[in-house]
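Engineer: One predicted model, sequence on top.
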Amino acid sequence: MSPSRSAYAFLFVFVSTLVATAQTSSTAPQASAQRDPQALAILTQALTASGGQSVVSGIQDFTASGNITYYWDSVEQGTVTVKGRGLHEFRIDATLPDGLHSSITNLTASFQKNPDGSISPLPSQNLVKPAIATCPPLQVLAALQDTSINLTYGGLVSHNGQQVYDVVEQKSFSATSDPAGALSSISKAHIFIDPNALTVVGILDTAYRRDGEAGGFPHETQFSAYQSVNGILFPFSVIDLIAGQQTMSIQLTQVTFNTGLTDSVFE
(Lines give C-alpha, C1' and ligand atoms only; values in the text may rest on other atoms or scores of the structure.)
Protein backbone atom coordinates (compact mmCIF):
# COMPACT_ATOMS: atom_id res chain seq x y z
CA MET A 1 0.00 0.00 0.00
CA SER A 2 1.28 3.45 -0.87
CA PRO A 3 1.95 5.86 2.00
CA SER A 4 -0.99 8.12 2.81
CA ARG A 5 -0.94 11.90 2.59
CA SER A 6 0.03 11.82 6.28
CA ALA A 7 3.49 10.77 5.14
CA TYR A 8 3.87 14.37 4.01
CA ALA A 9 3.89 15.32 7.68
CA PHE A 10 7.32 13.89 8.17
CA LEU A 11 8.52 13.62 4.57
CA PHE A 12 10.64 16.69 5.00
CA VAL A 13 12.65 15.41 7.94
CA PHE A 14 15.50 15.89 5.48
CA VAL A 15 18.10 13.25 5.62
CA SER A 16 20.82 12.83 7.27
CA THR A 17 23.56 13.84 9.24
CA LEU A 18 25.61 16.61 10.28
CA VAL A 19 26.12 19.83 12.03
CA ALA A 20 22.97 21.90 12.55
CA THR A 21 21.85 21.64 16.19
CA ALA A 22 18.87 23.00 18.00
CA GLN A 23 19.32 26.68 18.72
CA THR A 24 19.27 26.11 22.46
CA SER A 25 22.37 23.93 22.33
CA SER A 26 24.27 25.36 19.36
CA THR A 27 26.68 27.38 21.51
CA ALA A 28 27.29 24.75 24.20
CA PRO A 29 30.71 23.09 24.42
CA GLN A 30 30.81 19.95 22.32
CA ALA A 31 31.99 16.56 23.50
CA SER A 32 35.05 15.04 21.86
CA ALA A 33 34.39 12.75 18.92
CA GLN A 34 36.07 9.64 17.54
CA ARG A 35 36.92 9.92 13.86
CA ASP A 36 37.97 6.75 12.06
CA PRO A 37 40.86 7.43 9.63
CA GLN A 38 39.31 5.16 6.99
CA ALA A 39 35.99 6.97 7.18
CA LEU A 40 37.80 10.30 6.90
CA ALA A 41 39.75 9.06 3.88
CA ILE A 42 36.59 7.91 2.07
CA LEU A 43 34.78 11.18 2.74
CA THR A 44 37.82 13.14 1.58
CA GLN A 45 37.87 11.16 -1.67
CA ALA A 46 34.13 11.79 -2.12
CA LEU A 47 34.59 15.51 -1.55
CA THR A 48 37.40 15.61 -4.10
CA ALA A 49 35.24 13.79 -6.64
CA SER A 50 32.43 16.29 -5.99
CA GLY A 51 34.66 19.19 -6.98
CA GLY A 52 37.09 19.63 -4.11
CA GLN A 53 36.99 21.44 -0.79
CA SER A 54 37.67 24.93 -2.13
CA VAL A 55 34.90 24.67 -4.73
CA VAL A 56 32.28 23.06 -2.50
CA SER A 57 33.01 25.41 0.42
CA GLY A 58 32.25 28.29 -1.94
CA ILE A 59 28.57 27.28 -2.12
CA GLN A 60 26.70 29.97 -0.21
CA ASP A 61 23.27 29.01 -1.55
CA PHE A 62 21.65 27.05 -4.36
CA THR A 63 18.39 27.06 -6.28
CA ALA A 64 17.19 24.05 -8.27
CA SER A 65 14.06 23.46 -10.34
CA GLY A 66 12.39 20.54 -12.05
CA ASN A 67 9.53 18.09 -11.60
CA ILE A 68 8.26 16.32 -8.51
CA THR A 69 6.09 13.28 -7.86
CA TYR A 70 4.49 12.43 -4.51
CA TYR A 71 3.28 8.91 -3.79
CA TRP A 72 0.39 9.65 -1.45
CA ASP A 73 -3.04 7.96 -1.49
CA SER A 74 -2.87 8.83 -5.18
CA VAL A 75 0.12 9.87 -7.25
CA GLU A 76 0.48 13.66 -7.40
CA GLN A 77 2.76 15.31 -9.95
CA GLY A 78 3.86 18.88 -10.43
CA THR A 79 6.77 21.26 -10.72
CA VAL A 80 9.22 22.06 -7.94
CA THR A 81 11.70 24.68 -6.83
CA VAL A 82 14.26 23.78 -4.17
CA LYS A 83 16.35 26.37 -2.33
CA GLY A 84 19.11 25.94 0.24
CA ARG A 85 21.40 28.30 2.11
CA GLY A 86 24.28 27.15 4.26
CA LEU A 87 23.65 24.02 6.30
CA HIS A 88 20.61 25.18 8.20
CA GLU A 89 18.09 26.60 5.74
CA PHE A 90 16.11 24.67 3.16
CA ARG A 91 12.90 25.28 1.26
CA ILE A 92 10.92 23.26 -1.25
CA ASP A 93 7.96 24.68 -3.18
CA ALA A 94 5.88 22.12 -5.07
CA THR A 95 3.12 23.31 -7.39
CA LEU A 96 0.54 20.52 -7.58
CA PRO A 97 -2.98 20.41 -9.08
CA ASP A 98 -4.49 21.59 -5.78
CA GLY A 99 -2.04 24.48 -5.33
CA LEU A 100 1.31 25.30 -3.75
CA HIS A 101 2.78 23.04 -1.06
CA SER A 102 5.83 24.48 0.71
CA SER A 103 8.10 22.98 3.34
CA ILE A 104 10.59 25.24 5.11
CA THR A 105 13.29 24.66 7.69
CA ASN A 106 15.39 27.42 9.22
CA LEU A 107 17.38 27.91 12.41
CA THR A 108 14.38 28.10 14.72
CA ALA A 109 11.42 26.43 13.01
CA SER A 110 10.33 23.75 10.58
CA PHE A 111 6.88 23.98 9.06
CA GLN A 112 4.62 23.26 6.13
CA LYS A 113 2.56 25.83 4.20
CA ASN A 114 -0.59 24.39 2.67
CA PRO A 115 -2.50 25.53 -0.44
CA ASP A 116 -5.30 27.00 1.72
CA GLY A 117 -2.80 29.28 3.47
CA SER A 118 -2.66 27.33 6.71
CA ILE A 119 0.63 26.49 8.38
CA SER A 120 1.40 23.16 10.03
CA PRO A 121 4.45 22.49 12.23
CA LEU A 122 6.89 19.80 11.15
CA PRO A 123 8.90 17.65 13.60
CA SER A 124 11.21 19.52 15.95
CA GLN A 125 13.92 16.98 15.09
CA ASN A 126 14.35 18.90 11.82
CA LEU A 127 16.30 21.49 13.79
CA VAL A 128 18.92 18.93 14.79
CA LYS A 129 19.48 17.73 11.25
CA PRO A 130 20.96 19.58 8.29
CA ALA A 131 18.49 21.20 5.94
CA ILE A 132 20.25 20.45 2.67
CA ALA A 133 18.89 17.12 1.50
CA THR A 134 19.45 17.65 -2.22
CA CYS A 135 23.12 18.69 -1.98
CA PRO A 136 25.25 15.78 -0.67
CA PRO A 137 28.61 17.54 -1.28
CA LEU A 138 27.74 20.08 1.42
CA GLN A 139 26.90 17.29 3.85
CA VAL A 140 30.20 15.54 3.16
CA LEU A 141 32.09 18.82 3.63
CA ALA A 142 30.33 19.41 6.95
CA ALA A 143 31.16 15.91 8.19
CA LEU A 144 34.84 16.52 7.46
CA GLN A 145 35.00 19.98 8.97
CA ASP A 146 32.94 19.46 12.13
CA THR A 147 35.23 17.66 14.56
CA SER A 148 32.36 17.04 16.98
CA ILE A 149 30.94 14.45 14.57
CA ASN A 150 31.87 10.82 15.23
CA LEU A 151 32.83 9.01 12.03
CA THR A 152 33.09 5.25 11.70
CA TYR A 153 33.57 3.00 8.71
CA GLY A 154 30.90 0.32 8.38
CA GLY A 155 32.61 -1.55 5.55
CA LEU A 156 31.37 -2.47 2.10
CA VAL A 157 27.64 -3.18 2.27
CA SER A 158 24.96 -4.09 -0.22
CA HIS A 159 22.72 -1.14 -1.03
CA ASN A 160 20.10 -0.92 -3.74
CA GLY A 161 21.74 -3.75 -5.69
CA GLN A 162 25.34 -2.56 -5.46
CA GLN A 163 28.28 -2.66 -3.07
CA VAL A 164 28.91 0.70 -1.41
CA TYR A 165 31.01 2.20 1.35
CA ASP A 166 29.05 2.77 4.56
CA VAL A 167 30.28 5.75 6.57
CA VAL A 168 28.35 6.29 9.82
CA GLU A 169 28.24 9.70 11.41
CA GLN A 170 26.82 10.78 14.75
CA LYS A 171 27.31 14.13 16.39
CA SER A 172 28.67 14.43 19.92
CA PHE A 173 27.05 16.93 22.28
CA SER A 174 28.07 18.03 25.72
CA ALA A 175 26.44 16.32 28.69
CA THR A 176 24.84 19.64 29.59
CA SER A 177 23.10 20.15 26.23
CA ASP A 178 22.23 16.49 25.64
CA PRO A 179 22.13 14.62 29.00
CA ALA A 180 20.02 11.73 27.71
CA GLY A 181 21.75 11.45 24.32
CA ALA A 182 18.58 12.24 22.37
CA LEU A 183 20.14 14.87 20.11
CA SER A 184 23.06 12.60 19.32
CA SER A 185 20.69 9.78 18.44
CA ILE A 186 18.71 12.02 16.09
CA SER A 187 21.89 13.05 14.27
CA LYS A 188 22.99 9.49 13.43
CA ALA A 189 23.08 8.67 9.73
CA HIS A 190 24.66 6.28 7.25
CA ILE A 191 26.27 7.84 4.19
CA PHE A 192 26.46 5.35 1.31
CA ILE A 193 29.19 6.12 -1.23
CA ASP A 194 29.81 4.48 -4.61
CA PRO A 195 33.37 3.05 -4.37
CA ASN A 196 33.99 3.70 -8.08
CA ALA A 197 32.40 7.08 -8.80
CA LEU A 198 32.83 8.20 -5.15
CA THR A 199 29.45 9.91 -5.25
CA VAL A 200 26.93 9.75 -2.41
CA VAL A 201 24.19 7.37 -3.54
CA GLY A 202 22.12 7.43 -0.37
CA ILE A 203 21.79 8.76 3.16
CA LEU A 204 19.87 6.73 5.73
CA ASP A 205 18.61 8.20 8.98
CA THR A 206 15.32 8.35 10.92
CA ALA A 207 12.10 10.18 10.19
CA TYR A 208 9.97 11.33 13.13
CA ARG A 209 6.27 11.92 13.60
CA ARG A 210 4.84 15.41 13.56
CA ASP A 211 2.33 14.54 16.27
CA GLY A 212 5.12 13.95 18.79
CA GLU A 213 4.44 10.25 19.25
CA ALA A 214 7.49 8.25 20.27
CA GLY A 215 9.47 6.24 17.78
CA GLY A 216 10.63 6.81 14.26
CA PHE A 217 10.83 5.29 10.82
CA PRO A 218 13.80 4.37 8.61
CA HIS A 219 14.21 7.28 6.19
CA GLU A 220 16.46 7.30 3.16
CA THR A 221 17.21 9.77 0.41
CA GLN A 222 18.78 8.27 -2.71
CA PHE A 223 20.80 10.30 -5.21
CA SER A 224 21.67 9.61 -8.85
CA ALA A 225 22.04 11.22 -12.28
CA TYR A 226 24.93 13.40 -11.14
CA GLN A 227 25.90 16.26 -13.42
CA SER A 228 28.69 18.81 -13.18
CA VAL A 229 27.42 22.33 -12.49
CA ASN A 230 30.12 24.98 -12.19
CA GLY A 231 32.61 22.27 -11.30
CA ILE A 232 30.38 20.67 -8.64
CA LEU A 233 28.81 17.24 -9.02
CA PHE A 234 25.13 17.64 -8.18
CA PRO A 235 22.46 14.88 -8.22
CA PHE A 236 19.64 15.62 -10.65
CA SER A 237 17.55 12.69 -9.40
CA VAL A 238 16.45 12.48 -5.75
CA ILE A 239 14.20 9.77 -4.32
CA ASP A 240 12.81 9.77 -0.78
CA LEU A 241 11.71 6.63 1.05
CA ILE A 242 10.15 6.10 4.48
CA ALA A 243 9.99 2.62 5.95
CA GLY A 244 11.06 1.29 2.55
CA GLN A 245 8.18 2.90 0.66
CA GLN A 246 8.84 5.58 -1.92
CA THR A 247 7.18 8.83 -0.92
CA MET A 248 8.70 11.35 -3.30
CA SER A 249 10.89 11.69 -6.37
CA ILE A 250 12.45 14.83 -7.83
CA GLN A 251 13.91 15.14 -11.31
CA LEU A 252 15.84 18.38 -11.62
CA THR A 253 16.42 20.24 -14.85
CA GLN A 254 18.41 23.24 -13.63
CA VAL A 255 20.69 24.15 -10.70
CA THR A 256 22.29 27.52 -9.95
CA PHE A 257 24.61 28.56 -7.13
CA ASN A 258 25.17 31.75 -5.15
CA THR A 259 22.26 33.88 -6.31
CA GLY A 260 22.20 35.84 -3.05
CA LEU A 261 19.42 34.09 -1.13
CA THR A 262 18.74 35.71 2.26
CA ASP A 263 17.21 34.51 5.53
CA SER A 264 13.87 36.00 4.49
CA VAL A 265 13.48 33.31 1.81
CA PHE A 266 13.26 30.70 4.56
CA GLU A 267 10.72 32.41 6.80
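Structural biologist: Okay, I see it.
Engineer: Give me the distance between the longest helix along the chain and the centre of its chain.
Structural biologist: Here the longest helix in the chain is taken by residue count, with DSSP state H as the criterion, and it is helix 37-50. For helix 37-50, the distance from its own C-alpha centre to the chain's C-alpha centre is 18 Å (C-alpha atoms, centre = their mean, to the nearest Å).
Engineer: So which other helices or strands are in contact with that helix?
Structural biologist: Applying 3 or more C-beta pairs under 8 Å, 6 or more residues apart in numbering; DSSP states H and E, one finds that helix 37-50 makes contact with helix 53-56, helix 136-145, strand 149-159, strand 162-171, strand 189-193, strand 232-242. C-beta: built from backbone N, CA, C; applies to glycine.
Engineer: list the buried ones in that helix?
Structural biologist: 39, 42-43, 46-47, 49-50 (16 or more other C-beta atoms under 10 Å).
Engineer: Report the angle between it and strand 189-193.
Structural biologist: For helix 37-50 against strand 189-193, the angle by axes from the mean of the first three to the mean of the last three C-alpha atoms, to 10 degrees is 60 degrees.
Engineer: relative to strand 162-171, how tilted is helix 37-50?
Structural biologist: What separates the directions of helix 37-50 and strand 162-171 is an angle of 110 degrees, with the same axes, to 10 degrees.
Engineer: re the thing from before, go through the helices and strands packed on helix 37-50 and name the closest to residue 257.
Structural biologist: Comparing the helices and strands packed on helix 37-50 by their distance to residue 257 (C-beta to C-beta), the top pick is strand 232-242, with 7.2 Å.
Engineer: Let me know the average pLDDT across that closest one.
Structural biologist: pLDDT averaged over strand 232-242 equals 96, rounded to a whole number.
Engineer: buried stuff in that strand?
Structural biologist: Counting neighbours by 16+ other C-beta under 10 Å, strand 232-242 gives 232-236, 238-242 as buried.
Engineer: low pLDDT regions in this structure?
Structural biologist: Counting by pLDDT under 70, the chain contains low-confidence ranges at 1-32, 126, 129-131, 210-214.
Engineer: residues touching the residue lying farthest from the centre of it, list them.
Structural biologist: For the chain, the C-alpha farthest from the mean C-alpha position belongs to residue 116; by C-alpha atoms, centre = their mean, that distance is 27.0 Å. Contacts were defined as C-beta atoms under 8 Å, 6 or more residues apart in numbering; by that measure residue 116 touches residue 99.
Engineer: just the strands in this protein please.
Structural biologist: Under the criterion DSSP state E, strands of the chain are mapped to 61-71, 75-85, 89-96, 99-105, 110-113, 119-121, 149-159, 162-171, 189-193, 200-208, 216-229, 232-242, 245-257.
Engineer: Pipe the ones you listed into TSV and attach distance to residue 177 per row.
Structural biologist: Supplementary listing: the strands of the chain in TSV, determined by distance: least, C-beta to C-beta, whole Å:
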stretch	distance to residue 177
strand 61-71	28
strand 75-85	24
strand 89-96	22
strand 99-105	20
strand 110-113	19
strand 119-121	22
strand 149-159	15
strand 162-171	11
strand 189-193	19
strand 200-208	19
strand 216-229	21
strand 232-242	28
strand 245-257	32
